[in-house]
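1. Predicted model and sequence below, questions to follow.
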Amino acid sequence: MSIQTSALVAESAGAPFVQRTVEHRDLGDNDILIDIAYAGICHSDIHQVREEWGRAIFPMVPGHEIAGTVAAVGSAVTRHKVGDRVGVGCMVDSCGDCEQCKDGQEQFCLNGNVMTYNGRGYDGNPTLGGYAQQVVVTERFAVKIPEGIELDEAAPLLCAGITVWSPLQRWGAGPGKKVAVVGLGGLGHMAVKLAAALGAEVTGISRSEDKKDDATALGATGYIAATRRTLAENRGKFDLIINTVSAPLAMNDYLGLLKPQGALVNVGIPSENYDVAPFAVVGGSKVLAGSNIGGIPETQAMLDFCAEHGIGATIETITADEVDAAYERVVAGDVRYRVVIDTSTIKVG
Ligand code: NAP
Ligand code: ZN
């Protein structure tokens, strides 16, 4: 016996989505079954469906920005009950025993965590993600979505939100700090909202003037339409830069924007390498860093902060038929600011 659910499936790399039934494992003692209401489209979904990061597992059901309600619980489940509003991000299991898991940093699990899709569970079976009506996950990997955040605006917080929250926390974004966010897309718009709510002075950096008014509405007080000239004019200004761009960036120019000892944190994962001059980091003793999603306790803390500050993602909701077209719009930078799939529109047969 297994659990059947309607899903959006890419049968092979870059193939258009088809709507059909897929199977999840039956509920284990520590598992919960979630009725998915909404799933965000992250640029990482596109990188993986198109094999821009290397070989992927097909058929693929992408989606790691999942918001819904608990439909059933296994016999040993203690954290969640039927009807609870929950979210699932990029991971659905980890060993739970290693020092990283014990520290709440499941993204660094020393025995290999299980990604929500394009991964394999500890049972060896491929994982299937959130572009579906249901998913089965280990209870530890579902977080509570507090009342006060609508499920559609909550879904993107599970990846876009936590991915920028984690470096903002680690690098001390807050009052007295000047933070720049490069790339105003799904991750970038959340970085602006969260950094502003944390009390930092925020500047949005985008490819054109088009998003200037939006950046202000999101909480930025500064804005740079990036050219070599405007970047040069803003040299030495920022304590922290969060780079969310999904394509390679002229890293030396952006390192130039930092104050001495400032940090530039890459969260964008283009398939090509960056070109970095040694002096761009050594001069000014700068930090060039990366950041990978965030752990489960940190994800819950981010959601609680968002509820307290009235923060959700700025979204466009689409139906299942519109996902292929939405991918093109994401790649073109034409989304303001996250596309969310209403999974009730997935139709099979
Ligand atoms: P997105 O919504 O497409 O936003 C990316 C933004 O980058 C665009 O809105 C655009 O901003 C800018 N951009 C795109 N192409 C560009 C180009 N050729 N030159 C300059 N700027 C460009 O993507 P996302 O979902 O936020 O994801 C962003 C990246 O983060 C992806 O590579 C994704 O895989 C990665 N990611 C990493 C993690 C992690 O754990 N580190 C987690 C999730 C996602 P403007 O229009 O403002 O210029
Ligand atoms: Zn993501």
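-> Done, it's in. Ligands and ions are numbered 1, 2, ... in the order given.
2. Show me this structure divided up by domain.
-> 2-159+314-345, 161-290 (automatic domain parsing).
3. Including distance to ligand 1, could those go into TSV?
-> For the C-beta atoms, the positions are set from N, CA and C on the backbone; glycine is no exception. Below are the domains of the chain laid out as TSV (distance: least, Cβ to the nearest ligand atom, whole Å):
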stretch	distance to ligand 1
domain 2-159+314-345	3
domain 161-290	2
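4. Can you tell me which residues in the stretch 1-150 of the chain are near ligand 2?
-> C42, S44 (Cβ under 5 Å from the ion).
5. Tell me the spacing between the most centrally placed residue in the chain and ligand 2.
-> Taking Cα atoms, centre = their mean, the centroid of the chain lies closest to C159, which sits 2.3 Å from it. Computed as Cβ to the ion, to the nearest Å, the C159 to ligand 2 distance reads 3 Å.
6. try A325
-> Separation of A325 from ligand 2 (Cβ to the ion) stands at 20 Å.
7. what kind of secondary structure is G174 in?
-> What DSSP: H, G, I helix; E, B strand; the rest coil gives for G174 is coil.
8. Can you give me the neighbour number for I34?
-> 27 (other Cβ atoms under 10 Å).
9. Please provide the alpha-carbon coordinates for the strand or helix carrying it, formatted as CSV.
-> Assigned by DSSP states H and E, I34 belongs to strand 31-40. Extracted C-alpha coordinates of strand 31-40, given in CSV (Å, rounded to 0.1, in the frame of the first residue of the first chain):
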residue,chain,number,x,y,z
ASP,A,31,5.9,10.5,9.5
ILE,A,32,3.1,13.0,8.8
LEU,A,33,1.0,13.3,5.7
ILE,A,34,0.5,16.9,4.6
ASP,A,35,-2.3,18.3,2.4
ILE,A,36,-0.3,20.8,0.4
ALA,A,37,-2.2,24.1,-0.3
TYR,A,38,0.6,26.1,-2.0
ALA,A,39,4.1,25.4,-3.4
GLY,A,40,6.5,28.2,-4.3
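10. Show me what that strand is packed up against.
-> For strand 31-40, the elements it packs on are strand 66-73, strand 85-88, strand 134-138, helix 151-154, strand 338-342, judged by 3 or more Cβ pairs under 8 Å, 6 or more residues apart in numbering; DSSP states H and E.
11. which element follows it toward the C-terminus?
-> helix 43-49.
12. for the domains of the chain, which one sits closest to I296?
-> domain 2-159+314-345 (5.6 Å; Cβ to Cβ).
13. That closest one: how far from the chain's middle?
-> Its chain's C-alpha centre and that of domain 2-159+314-345 lie 11 Å apart, by Cα atoms, centre = their mean, to the nearest Å.
14. quick one: contacts for the closest residue to L27 other than its chain neighbours?
-> Spatial nearest neighbour of L27, chain neighbours left out: G74 (4.6 Å); criterion: Cβ to Cβ, 6 or more residues apart in numbering. G74 is in contact with L27, G28, D29, N30, D31, I32, E139, counting by Cβ atoms under 8 Å, 6 or more residues apart in numbering.
15. measure G74 to ligand 2 for me?
-> Distance of G74 to ligand 2, computed by Cβ to the ion: 27 Å.
16. returning to what we had before: filter the contacts of G74 to the buried ones?
-> L27, N30, D31, I32, E139 (16 or more other Cβ atoms under 10 Å).
17. If you count neighbours, what's buried in stretch 248-267?
-> 249, 251, 253-258, 262-267.
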